[in-house]
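J.: my questions concern the predicted model and sequence given below.
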Amino acid sequence: MNFTLKLRLGLLLLGNSILSLVHAGGNKPPVQKGKKVSLPSFLSFCLLPSAFCLLALVPSLATEPIAQSIPSLKPTQPAAREQLKQGIALIQQGKLPQAIAAFRQAAQLDPQLAAAHYNLGLALRQIGELQQAVDAFYSAIQTDPQFALAFANLGAALFEGNNLPQARAYLTKALELDPNLGVAHYNYGLIVAQSGELEPAIASFKNAVRLSPNAPEPAYHLGRIYLQQENIEEAKKAFEQAIKISPRYPEAHYNLGSILFYQEELDAALEAFRQAALANSNYANAYYGAGLVFLRQNRFSDAQQVLQYARDLYQLQGNSQWVANAEELLERARNPYPQ
């Protein structure tokens, strides 16, 4: 049996299509109205790739900042920059609604202040207002057509909205503007991976790993691609690299545990699943994986305990397929020696 089908190896890149986006001409790329946006947690890297920026300097995941030209100041521009500064301070204080108001005010006072639009987009993304975030990032690139990081964020937001063609186009532009922008390579890798283009995805994730060495997600997704190719040893190395960067990365621990289980390293697999559960106590897959190990070790009472917990978590998540899978294993644990 194909290894990637034998075990549930982490989370899918995206669930069912959430939004249907279209883009025409010079209009802002819209998000379909009336739908709640669901945000997979592990995509936080691609959607929030940098700190909020102040004034003309925009820090990126690459090594070089992006400088924006500053025209002669108009009477409202000093006030706009003061609002931008206040917005940054409010973000640091965890006051997101007030920060959004400050960024909006900054953009109204100086519509040419790209950093105001960009920061507004990041803040709106954090509260799940995807369409408004897309609009803000679009305003940023209209204001500054050389703003590579804004192109990257716009592409990431469109990718989240399942608008792969436009996401790909904006990320391609981001990489044209800044070939060393790690977050753009990462997001581009997600897109081509979802399209089944595995070799380009590997190249993109490798670039992201090189350019963004402190981000664990590129290594994790590189491991996922290697699993699809059944390149188990390279996948193992990639997951270990992600864990080295971020020791509390439950999906990486789980996938590593799945590989170790496949390789019959049961104690090591159990420890990996334990680390996944420690990183996220509500991560049902970790308990499911531990149940598989206990069954293999004939520790049927332990298997029942963790599989019941996994089943209950799957039920809370509304995941009926994996409720059924956990129930099947539970029955094996209860009746290990059927007549």
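T.: Alright, I've got the coordinates.

J.: drop to CA atoms for contacts and neighbour counts, all remaining ones
T.: Noted.

J.: from residue 276, how far out is the closest residue to residue 260 other than its chain neighbours?
T.: Excluding the flanking residues, the one nearest residue 260 by CA to CA, 6 or more residues apart in numbering is residue 269, at 4.9 Å. Computed as CA to CA, to the nearest Å, the residue 269 to residue 276 distance reads 11 Å.

J.: more neighbours, those two?
T.: Comparing residue 269 with residue 276 by other CA atoms under 10 Å, the one with more neighbours is residue 276, at 29 against 26.

J.: packing partners for the one helix or strand that one maps to?
T.: Using DSSP states H and E, residue 276 sits in helix 266-279. Applying 3 or more CA pairs under 8 Å, 6 or more residues apart in numbering; DSSP states H and E, one finds that helix 266-279 contacts helix 250-262, helix 284-296.

J.: same for the first one, what does it pack against?
T.: In terms of contacts (3+ CA pairs under 8 Å, 6+ apart), helix 250-262 is packed against helix 232-245, helix 266-279, helix 284-296.

J.: what's the closest of these to residue 202?
T.: helix 232-245 (11.2 Å; CA to CA).

J.: quick one: that closest one to helix 250-262, angle?
T.: Orientation of helix 232-245 against helix 250-262 (axes from the mean of the first three to the mean of the last three CA atoms, to 10 degrees) gives an angle of 140 degrees.

J.: okay, domains of the protein per the record?
T.: The record's domain parsing of the chain by the TED database lists 76-145, 172-243, 248-338.

J.: and those domains: which comes nearest residue 165?
T.: The minimum distance between residue 165 and the domains of the chain falls on domain 172-243, with 9.0 Å, by CA to CA.

J.: any idea how far the closest one is from the chain center?
T.: How far domain 172-243 lies from its chain's middle: 12 Å, per CA atoms, centre = their mean, to the nearest Å.

J.: what mean pLDDT would you report for that domain?
T.: Averaged over domain 172-243, pLDDT sits at 97.

J.: stretch 81-96 too?
T.: 93.

J.: can you dump the C-alpha atoms of that stretch in CSV for me?
T.: Included here for stretch 81-96 are C-alpha records, laid out as CSV according to Å, rounded to 0.1, in the frame of the first residue of the first chain:
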residue,chain,number,x,y,z
ARG,A,81,2.7,59.2,9.3
GLU,A,82,1.9,59.9,12.9
GLN,A,83,-1.2,57.8,12.5
LEU,A,84,0.9,55.1,11.0
LYS,A,85,3.3,55.2,13.9
GLN,A,86,0.4,55.0,16.3
GLY,A,87,-1.0,52.0,14.5
ILE,A,88,2.4,50.2,14.8
ALA,A,89,2.4,51.0,18.5
LEU,A,90,-1.2,49.7,18.9
ILE,A,91,-0.2,46.5,17.2
GLN,A,92,2.6,46.0,19.6
GLN,A,93,0.1,46.5,22.5
GLY,A,94,-2.3,43.9,21.0
LYS,A,95,-4.9,46.5,20.3
LEU,A,96,-5.9,45.3,16.8
